[in-house]
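# what follows is a predicted protein model with its sequence.
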Amino acid sequence: HSVGIIGAPFSKGQPRDGVEGGPDVIREAGLVEKLKAQGCSVKDYGNLAFEEVTNDEPVGNVKRPMAVGCANERLSAAVRAIKLDGHTSVMLGGDHSLAIGSILGHAAAKTDISVVWVDAHADINTPLTSHTGNIHGQPVSFLIRELQSKIPVLPSFSWIKPCLSAKDIVYIGLRDVDPAEHYILKLLGIKAFSVSDVDRLGIAKVMEQTCDHLSTTVKKPIHLSYDIDALDPSIAPATGTPVPGGLTYREGLYITEHICQTGLLSAVDMVEVNVKRGRTEDEIGNTVSAAVDLIQSCFGKRREG
Ligand SMILES: N[C@](CCCC[B-](O)(O)O)(CCN1CCC(O)CC1)C(=O)O
Ligand SMILES: [Mn+2]
Ligand SMILES: [Mn+2]
Ligand SMILES: [Mn+2]
């Protein structure tokens with residue numbers, strides 16, 4: 001495995017301080033060394049620098065559109081370059097609004113991609129359906145062709161061209177979906193495995209059905225967008241929007257092990273690690289090491305040895 005790491009210390013897609021520290025705490029936990037120790041070649045492209053944006057007024061209730069749009073434009077160029085360098089990209093967040101740039105940059109290099117979105121949340125509010133106006137709850141809406149008639153013009157978003165069809169994305173881990181998001185998922189027929197589905201089917205069947213769905217026509221490169229809040233807060237508490245009843249540590253790792261063995265993994269996002277949301281050193285350490293373990297698992301680390 002050849003891995004290209006990009007840090008995106010960005011928090012303006014949501015209101016809580018601390019998530020911008022994600023890239024460095026994940027590195028401090030030894031990610032690069034651990035990937036090398038398991039036989040990966042690793043290039044660390046460092047952290048993106050996001051300039052301050054002034055007068056970034058809300059549009060409707062959408063908060064900090066210019067900061068989010070500019071950060072993602074820069075991120076998309078960086079991810080595209082990493083892909084053209086021949087690596088599997090690993091984007092370390094930062095909040096989940098960064099998936100806009102990561103996925104668009106990936107699609108710019110690989111044209112036709114599929115997305116596995118692992119998250120407690122669907123992150124598919126449009127700017128008009130979002131209750132909070134936080135763009136980390138909206139990234140998917142900017143990426144799906146079938147939704148574009150519902151997306152208003154936003155400053156610094158004009159560069160964004162949707163790169164996915166509704167059939168190209170599968171959700172795993174949903175357990176906190178807003179009514180409008182649920183309507184959109186049903187309307188577009190988007191494949192989604194809630195935690196109830198995981199309970200009913202078991203994670204092995206969920207992964208089998210996920211991969212079958214995504215490779216119905218052709219096997220496309222997979223973009224795995226992993227929100228650490230998909231895991232149960234007992235394992236990954238240090239995150240901005242924790243929701244009880246999440247994926248077990250074992251289920252979380254089964255997802256990454258399964259996707260690794262497809263040989264189709266082409267880009268990974270690991271987002272929403274927020275050490276300031278951990279109440280103890282243990283809570284912080286558990287969250288960060290879960291993130292590192294999941295990334296190692298994406299690149300071949302197996303629990304069987
Ligand atoms: N759907 C939420 C949460 C988004 C989480 C983004 B992430 O990247 O972490 O997946 C709103 C969630 N909702 C807010 C009101 C509450 O009463 C119930 C939860 C939103 O803000 O759109
Ligand atoms: Mn998310
Ligand atoms: Mn989430
Ligand atoms: Mn979150």
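All right, it came through fine. Ligands and ions are numbered 1, 2, ... in the order given.

# going forward, measure contacts and count neighbours with C-alpha atoms only.
Fine.

# in the chain, which residue is most central in space?
Relative to the mean C-alpha position of the chain, the nearest C-alpha, by Cα atoms, centre = their mean, is the one of Ser225, at 2.9 Å.

# what helix or strand does it sit in?
Counting by DSSP states H and E, the element that carries Ser225 is strand 222-227.

# same question, Gly133
Under the criterion DSSP H and E, no helix or strand holds Gly133.

# same question for Val42.
Of the helices and strands defined by DSSP H and E, Val42 is found in strand 41-47.

# which neighbours does that strand have in its sheet, and in what orientation?
Based on DSSP bridges, the pairing partners of strand 41-47 within the sheet are strand 2-7 (parallel).

# residues making contact with the strand it pairs with?
Strand 2-7 has contacts (Cα atoms under 8 Å, 6 or more residues apart in numbering) with 23-24, 40-48, 78-79, 82, 86-93.

# drop anything exposed from those.
23-24, 40, 42-43, 47, 78-79, 82, 87-93 (16 or more other Cα atoms under 10 Å).

# helices - which of those residues land there?
When the buried ones among the contacts of strand 2-7 are checked against helices using DSSP state H, the ones located there are 23-24, 78-79, 82.

# show me which pair in those residues is furthest apart.
Asp24 and Ile82 (19.1 Å; Cα to Cα).

# in space, what's closest to the residue of the chain found nearest ligand 4 - neighbours in sequence excluded?
Residue nearest to ligand 4 within the chain: Thr241 (4.4 Å; Cα to the ion). Nearest-residue entry for Thr241: Asp229, 6.9 Å, with adjacent residues in sequence omitted and distances by Cα to Cα, 6 or more residues apart in numbering.

# now that neighbour: phi and psi?
Here the main-chain torsion angles of Asp229 (degrees, to the nearest 10) amount to phi -70, psi 0.

# next, work out how far apart Val177 and ligand 1 are.
Between Val177 and ligand 1 the distance is 6 Å, computed by Cα to the nearest ligand atom, to the nearest Å.

# pLDDT score for that residue?
pLDDT, Val177: 99.

# what's the answer for Lys219, then?
In this prediction, Lys219 has a pLDDT value of 93.

# so how far is Leu104 from it?
Applying Cα to Cα, to the nearest Å, one obtains 19 Å for the distance of Lys219 from Leu104.

# other SSEs contacting the host helix or strand of Asp212?
Here Asp212, judged by DSSP H and E, is contained in helix 203-214. For helix 203-214, the elements it packs on are strand 169-174, helix 249-262, judged by 3 or more Cα pairs under 8 Å, 6 or more residues apart in numbering; DSSP states H and E.

# now do the first one: which elements does it pack against?
Pointing back at strand 169-174 there. Other elements packing on strand 169-174 under the criterion 3+ Cα pairs under 8 Å, 6+ apart are strand 114-118, strand 191-194, helix 195-201, helix 203-214.

# would you list these in JSON lines and tack on mean pLDDT, distance to Ser234 and mean neighbour count?
Output for those, formatted as JSON lines (pLDDT from 0 to 100; distance: least, Cα to Cα, whole Å; neighbours: other Cα atoms under 10 Å):
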{"stretch": "strand 114-118", "mean pLDDT": "98", "distance to Ser234": "17", "mean neighbour count": "25"}
{"stretch": "strand 191-194", "mean pLDDT": "98", "distance to Ser234": "18", "mean neighbour count": "22"}
{"stretch": "helix 195-201", "mean pLDDT": "98", "distance to Ser234": "15", "mean neighbour count": "15"}
{"stretch": "helix 203-214", "mean pLDDT": "98", "distance to Ser234": "19", "mean neighbour count": "17"}
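
# out of those, which is closest to Arg279?
strand 114-118 (24.3 Å).

# hmm, the closest one touching ligand 4?
No - when contact is scored as Cα under 5 Å from the ion, no part of strand 114-118 falls within range of ligand 4; the minimum is 11.1 Å.

# thinking again about what came up before, pairing partners for the residue nearest to the centre of the chain in the sheet, please.
Beta-bridge partners of Ser225, as defined by DSSP bridges: Trp117, Asp269.

# that one and Val118 touch, don't they?
Yes - Ser225 is within contact range of Val118, at 6.2 Å (criterion: Cα atoms under 8 Å).

# what sits in contact with each of those two?
Applying Cα under 8 Å, 6+ apart, one finds that no residue jointly contacts Ser225 and Val118.

# hmm, back to that, between Lys219 and Leu104, which one's more packed in?
A direct count of neighbours by other Cα atoms under 10 Å for Lys219 and Leu104 places Leu104 higher, at 26 against 16.

# and the gap between that one and Pro162?
8 Å.
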